[in-house]
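Engineer: Just need the structure, nothing else, for what follows:
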Amino acid sequence: MTAIGAEVYGYDGADRHLSTSNGTTTSAYVRDLAGEVVEYRLNGVIQNRYSGNTTLDATGVNVVERTIGLPGGVTLTTRAGGDVWSYPNIAGSVTTTANSTGAKTAGPLLYDPYGNPLSAYPDNQTGNLDNAWLGQHDRQTQHQTGLRPAIDMGARQYHPQLGRFTETDPIEGGGANDYGYPTDPINGSDLDGSDWCWKLCPVTHVFAVAGAKTGHGVARGGKFVWNNRSGEADLCPSAVPSALRSLRPAVGRHRGEEPLARGSC
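Structural biologist: Have a look, this model is predicted:
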């Protein structure tokens with residue numbers, strides 16, 4: 001358990017965040033073996049279930065919405081009540097949303113460098129869990145009334161108000177300290193909660209981190225590689241050691257119906 005003010009945070013044996021409670025409001029998650037959230041509960045009541053990019057209702061049978069990443073970083077959320085198009089800035093944070101006719105529904109949406117909103121949150125996901133700061137990268141902000149906003153950053157949960165993670169870094173030496181987020185969040189980020197120095201690290205460290213991630217689940221390791229494929233290191237098999245080839249199954253496992261093509265980035 002970890003406490004910040006009146007809030008208490010619960011974790012499983014693998015140090016994965018499972019719940020947040022202030023004594024009145026409790027948000028809780030069920031995760032699969034790879035660490036992905038498959039169910040969200042509010043005060044003990046199932047709100048939604050998740051499968052990949054699809055949000056299901058509490059029964060896990062009916063589709064509520066699907067989120068699709070498009071070329072250029074735009075995200076499309078398809079739902080019965082009307083599609084939502086989310087447009088990011090150069091950092092990948094959603095700054096404007098529009099409906100299927102192209103009419104703006106929210107924006108400009110602003111954030112400080114550490115992810116604190118300077119305006120309203122976008123409504124592009126069901127409930128109080130939306131793609132906002134770094135939302136292009138599918139980093140959803142949980143902004144449940146009564147609880148501190150928090151962002152699930154892959155291996156760890158990040159709190160914008162603190163500018164820190166609430167769990168220790170799973171990669172030894174992965175950051176300036178065990179809980180720190182990049183001290184220069186404009187030029188650095190830690191999208192997976194495992195390696196804040198991505199833009200500064202050599203290719204060998206990239207593979208070391210990816211390899212470590214595969215130790216926590218093949219799909220999760222593949223997710224790390226895929227989400228960071230556009231980083232400074234060139235991940236094409238023709239330009240890197242054979243280590244990447246061994247990670248192809250992990251990438252394909254994460255991508256599912258969109259496997260990484262041979263020789264492509």
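Engineer: isn't Val94 right next to Val84, touching?
Structural biologist: No. Contact between Val94 and Val84 fails when scored by Cβ atoms under 8 Å: they sit 10.0 Å apart. From N, CA and C alone the C-beta is placed, and that goes for glycine too.
Engineer: Which one's more surrounded, the two?
Structural biologist: Using other Cβ atoms under 10 Å as the criterion, Val94 and Val84 rank with Val94 on top: 27 against 24.
Engineer: What residues are bridge-paired with that one?
Structural biologist: According to DSSP bridges, the residues that bridge with Val94 are Pro88.
Engineer: OK, contacts around it?
Structural biologist: Counting by Cβ atoms under 8 Å, 6 or more residues apart in numbering, Val94 touches Thr75, Ser86, Tyr87, Pro88, Leu109, Pro122, Asn124, Asn131, Ala132, Trp133, Gly135, Gln136.
Engineer: Looking at these, which is nearest Tyr158?
Structural biologist: Trp133 (9.7 Å; Cβ to Cβ).
Engineer: Checking that closest one next. Helix, strand or coil?
Structural biologist: Under DSSP: H, G, I helix; E, B strand; the rest coil, the three-state class of Trp133 is coil.
Engineer: Could you check how far it is from Leu18?
Structural biologist: Distance of Trp133 to Leu18, computed by Cβ to Cβ, to the nearest Å: 23 Å.
Engineer: Quick check: chain neighbours aside, which residue is closest to Ala106?
Structural biologist: Thr97 (4.5 Å; Cβ to Cβ, 6 or more residues apart in numbering).
Engineer: same check, this time on Pro149
Structural biologist: Spatial nearest neighbour of Pro149, chain neighbours left out: His143 (4.7 Å); criterion: Cβ to Cβ, 6+ apart.
Engineer: cool, Pro182 as well?
Structural biologist: Gly188 (3.5 Å).
Engineer: How about Thr183?
Structural biologist: In space, Thr183 comes closest to Ala176 once its chain neighbours are excluded; the distance is 6.7 Å by Cβ to Cβ, 6+ apart.
Engineer: do the same with Arg156
Structural biologist: Gly193 (3.5 Å).
Engineer: mind checking the SS state of that neighbour?
Structural biologist: coil.
Engineer: now it: how far from Ala58?
Structural biologist: Relative to Ala58, Gly193 is positioned 28 Å away (Cβ to Cβ).
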